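Engineer: with the sequence up front, the predicted model follows.
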Amino acid sequence: MAIVTISREVGSYGDEISALVAQKLSYELVGHEQIQSLAQGCDADFQKACAAYDREVMPSSFWERLFFGNPAYTALFQSLTFDLASRGNVVLVGRGSQFALTGIPGVLKVRIVAPKDLRIKRIQQKKGVSLEEALAVVERYGAQRRALIDTVYHQETSDWSRYDLILNTAVFNPEDGADVVCEAARKIASFDREDRSRTLANLAFGKRIESAIKKEIATSDYRDVIAKVEAGGKVTLEGFVQDKLGREKAEEIARESEGVSEVVNNIRTTELSF
């Protein structure tokens, strides 16, 4: 069956349905513990960023947001998602996993929604707060989640074309909603699970190398560096850096990464020569 990613609006029963889907499919529900476990392998700065990633909120100050938007973090977060997905039989909740896993076979991408007034009433009842307080919760957390996804993936969670299933819980309770998701997961076309797991593990490895490179060398969405990993630890570097020194530094970082057996450096430079 499929790996399941679930993106959800605040108050849409998304968390309840995610837990039920994992239970019904006997899948692992990926949450705080798993993300923090992987984050422990990162340095102190990255651990701080992973904490924000785990909470699905953007840091509050301008400088923290600027630091958080570093391309090295984008690669790290994608690596974490690939690592978790490579386990197979998992339900990945939030954190842009639907964008990281675009194009990976055997992934069911779900978006759970509900009308805003209904979500506000649910939060009000669940937390025992006033209507105004419930409205503030829905708007604040919704905005923070959107900001995180926009900063890390430059995507909109409301782009419906990125999902395989959109579930409106105005007409489903959590139990029935989970049944719909489970049935969709069972209908995903067959695929080679071991091959998918290897692909995801290689993608995770490549993103960790990219993250290490981007911590040392300036890149952007328009002048990126990509590390492609093949069986046996062969790494091919592609993309652009400013100068020859940056190109050599990127190769050095890749070669020093544990598990790399060979590096093919196809990075090009953008410096002008006269």
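Structural biologist: Right, received. Where do you want to start? Numbers count the residues shown, from 1 in each chain.

Engineer: tell me what the strand or helix carrying Gly142 is packed against?
Structural biologist: According to DSSP states H and E, Gly142 maps onto helix 131-153. When contacts are defined as 3 or more Cβ pairs under 8 Å, 6 or more residues apart in numbering; DSSP states H and E, helix 131-153 packs onto helix 44-55, helix 71-85, helix 97-100, helix 116-127. Heads up, the C-betas are built off the backbone N, CA and C, glycines and all.

Engineer: ok, 10 Å please
Structural biologist: In terms of contacts (3 or more Cβ pairs under 10 Å, 6 or more residues apart in numbering; DSSP states H and E), helix 131-153 is packed against strand 3-8, helix 44-55, helix 62-68, helix 71-85, helix 97-100, helix 116-127.

Engineer: mean pLDDT lowest for which of those?
Structural biologist: Of all these, mean pLDDT reaches its minimum on helix 62-68 (a mean of 51).

Engineer: if we can go back for a sec, which element follows the helix holding Gly142 toward the C-terminus?
Structural biologist: For helix 131-153, the following helix or strand on the C-terminal side (DSSP H and E) is strand 165-168.

Engineer: that following strand pairs with which strands, parallel or anti?
Structural biologist: Applying DSSP bridges to the sheet, strand 165-168 is found paired with strand 107-113 (parallel).

Engineer: alpha carbons only: can I get the strand it pairs with in CSV?
Structural biologist: These are the backbone C-alpha positions of strand 107-113, laid out as CSV (Å, rounded to 0.1, in the frame of the first residue of the first chain):
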residue,chain,number,x,y,z
VAL,A,107,2.5,8.0,-2.2
LEU,A,108,-1.1,9.1,-1.4
LYS,A,109,-1.2,12.9,-0.8
VAL,A,110,-4.3,13.9,1.2
ARG,A,111,-5.6,17.3,2.2
ILE,A,112,-8.2,17.5,4.9
VAL,A,113,-10.4,20.6,5.0
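
Engineer: got the domain ranges for this structure?
Structural biologist: 3-192, 217-269 (automatic domain parsing).

Engineer: can you say which of those domains is nearest to Leu203?
Structural biologist: Leu203 sits nearest to domain 3-192 of all those, at 4.5 Å, using Cβ to Cβ.

Engineer: now do the helix holding Gly142 and helix 116-127, the angle between them.
Structural biologist: Computed with axes from the mean of the first three to the mean of the last three Cα atoms, to 10 degrees, the direction of helix 131-153 lies at 110 degrees from that of helix 116-127.

Engineer: can I get helix 131-153 in CSV, CA atoms only?
Structural biologist: Backbone C-alpha positions of helix 131-153 (Å, rounded to 0.1, in the frame of the first residue of the first chain) are rendered in CSV as follows:
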residue,chain,number,x,y,z
LEU,A,131,-15.6,32.1,19.9
GLU,A,132,-13.1,35.0,19.5
GLU,A,133,-10.3,32.9,21.0
ALA,A,134,-11.1,29.9,18.8
LEU,A,135,-11.1,32.2,15.8
ALA,A,136,-7.6,33.5,16.8
VAL,A,137,-6.3,29.9,17.1
VAL,A,138,-7.6,28.9,13.7
GLU,A,139,-6.2,32.0,12.0
ARG,A,140,-2.8,32.1,13.9
TYR,A,141,-1.9,28.4,13.4
GLY,A,142,-3.2,28.4,9.9
ALA,A,143,-1.0,31.4,9.0
GLN,A,144,2.0,29.9,10.7
ARG,A,145,1.8,26.6,8.9
ARG,A,146,1.4,28.4,5.6
ALA,A,147,4.4,30.6,6.3
LEU,A,148,6.5,27.6,7.1
ILE,A,149,5.6,25.8,3.8
ASP,A,150,6.1,29.0,1.8
THR,A,151,9.5,29.6,3.3
VAL,A,152,10.8,26.0,3.0
TYR,A,153,9.1,24.8,-0.2
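
Engineer: alright, that wraps it up for me.
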